[in-house]
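Novice: Fold the following and give me the result.
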Amino acid sequence: MSTAKIITELAGHEVFVFGSNAAGAHGAGAARAAYERFGAVWGEGHGHHGQSYAIDTMSGADALATGVSRFCEYAAAHPDLTFLVTEIGCGIAGYVPDEVAPLFVGAPVNVELPESFERIVGPGARAGGANRAGRRRDTPER
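Specialist: Modelled structure (predicted):
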């Protein structure tokens, strides 16, 4: 299952995953939405706060890879939550999906990736290799 392009609301078990800077200055894009709508904390550029999870995308490729790895460990430890990943790193940080999506290979099944990442990673590259077809957040229920 993939994440909708624009997330405007969350169910109680959902967490908005966004790219941040290490200083946690959530001034624009998905970071601003996380701050204004989903409980991100100004000054906190890493981790789970409210219904948001920040991954540092501005401190270089190694920091991004480490952040995604820690996030995936956290998501695996919290199977009761569903993590909706935005196109982290593909805005002001300057990465493209081809560079970021492979970092999510092996992500647990409770991690929903944006379509641009899902096309690159594919559902079979996830932990358990499960195809997670089902409800999509960007299309109406049928």
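Novice: who touches the most centrally placed residue in the chain in this structure?
Specialist: Nearest to the geometric centre of the chain sits residue 85, at 2.2 Å (Cα atoms, centre = their mean). With contacts defined as Cβ atoms under 8 Å, 6 or more residues apart in numbering, residue 85 is in contact with 3, 17, 104, 111-114, 117. For glycine as for every other residue, the C-beta is placed from the backbone atoms N, C-alpha and C.
Novice: tell me which residues form a beta bridge with residue 83?
Specialist: residue 15, residue 111 (DSSP bridges).
Novice: mind starting the numbering at 758 from now?
Specialist: With the count now opening at 758, the last piece we talked about shows up as residue 840.
Novice: measure it to residue 784 for me?
Specialist: For residue 840, the distance to residue 784 equals 23 Å [Cβ to Cβ, to the nearest Å].
Novice: the more surrounded of those two?
Specialist: Counted by other Cβ atoms under 10 Å, residue 840 and residue 784 do not tie: residue 840 has more neighbours, with 23 against 10.
Novice: Please name the residues that touch that one.
Specialist: Residue 840 touches 771-772, 774, 810, 828, 832, 867-869, counting by Cβ under 8 Å, 6+ apart.
Novice: Recalculate using a threshold of 6 Å.
Specialist: 772, 774, 832, 868 (Cβ atoms under 6 Å, 6 or more residues apart in numbering).
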